[in-house]
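Chemist: Predicted structure and sequence below. I'll ask about it afterward.
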Amino acid sequence: ASDQGQAVGEARRLLGAERAALLFGTFSSTLSFAATQVAEMQRVPYFELGAIGDPITERGFRTLFRTCPRASDFAREAVNAVPEALAPAWGVSPAAIKVAILHEDGLYGQSVSASQEALLGARGLRLVEKLGYAPRGAELPAAVHRLKSAGADVVLHTGHQNEIIVLYRAMREAGWRPRMVIGSGAGYSGVDTMRAVGPDFDGTMNVDFTQFE
């Protein structure tokens, strides 16, 4: 399924015509949010394996189970990397590092970025920019110029594979990149992303869980 309507339609088909006894999903928070509602209404167990948006499991559903971390867990690890890994490696005070948040504007990106913003504030870290963008990333070249103008040292990016490729291409064309990009799983974990971006992807950090676990 590529959108919420298809996710709902497929969940209904599997639970109806196919007589599925339980469902496993999904990978996308937006799709999971929709499909799990169908399963809950029919009282069929749904096991979410990869979608991390916090709101998915905050609705009080009784037949929904999630085996992976939440967006807030991803955000915590990304933010922790700034004072605990990057500041010591660079020999600077954590408070001196300029952090920017860049995210796709769906449930996935909104969940991760909202937690990141709150955690940065709680840890006294410096947020210089927060930018959301529509799916497919047409706005990313303009976002790169804003990040460059803000002097971002670290960019916390939550996005999908195609958007990551567009981001790195835009940074190359702008002749700029931050000292570190930290991804939030999804496309950042894909070998195809690494191959598509090329050497520019070297050194990128990423938060994700071990898929087979």
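Modeler: Great, that's in hand. Numbering: from 1, shown residues only.
Chemist: biggest helix in the chain by residues?
Modeler: Longest helix in the chain by number of residues (criterion: DSSP state H): helix 107-122.
Chemist: Please save the CA atoms from whichever helix or strand comes after it in CSV.
Modeler: Counting by DSSP states H and E, the next helix or strand C-terminal to helix 107-122 is strand 126-133. Taking C-alpha atoms only, strand 126-133 is exported to CSV below (Å, rounded to 0.1, in the frame of the first residue of the first chain):
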residue,chain,number,x,y,z
ARG,A,126,21.1,25.1,20.8
LEU,A,127,18.4,24.7,18.2
VAL,A,128,19.0,27.1,15.3
GLU,A,129,16.4,25.9,12.8
LYS,A,130,13.5,23.5,12.5
LEU,A,131,12.1,22.8,9.0
GLY,A,132,9.4,20.5,7.7
TYR,A,133,8.8,19.7,4.1
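Chemist: coming back round to it: the longest helix of the chain: how far from the chain's middle?
Modeler: 10 Å (C-alpha atoms, centre = their mean, to the nearest Å).
Chemist: Which secondary structure elements does it sit against?
Modeler: helix 29-41, helix 71-81, strand 98-104, strand 126-133, strand 154-158 (3 or more C-beta pairs under 8 Å, 6 or more residues apart in numbering; DSSP states H and E). Glycine gets a C-beta too; all of them are placed from N, C-alpha and C.
Chemist: can I get the ones you listed in JSON lines with distance to Ala114, mean neighbour count and mean pLDDT?
Modeler: Listed next are the helices and strands packed on helix 107-122 as JSON lines, based on distance: least, C-beta to C-beta, whole Å; neighbours: other C-beta atoms under 10 Å; pLDDT from 0 to 100:
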{"stretch": "helix 29-41", "distance to Ala114": "13", "mean neighbour count": "22", "mean pLDDT": "97"}
{"stretch": "helix 71-81", "distance to Ala114": "8", "mean neighbour count": "21", "mean pLDDT": "97"}
{"stretch": "strand 98-104", "distance to Ala114": "9", "mean neighbour count": "24", "mean pLDDT": "98"}
{"stretch": "strand 126-133", "distance to Ala114": "10", "mean neighbour count": "17", "mean pLDDT": "98"}
{"stretch": "strand 154-158", "distance to Ala114": "10", "mean neighbour count": "29", "mean pLDDT": "98"}
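Chemist: Thanks again, I'm all set now.
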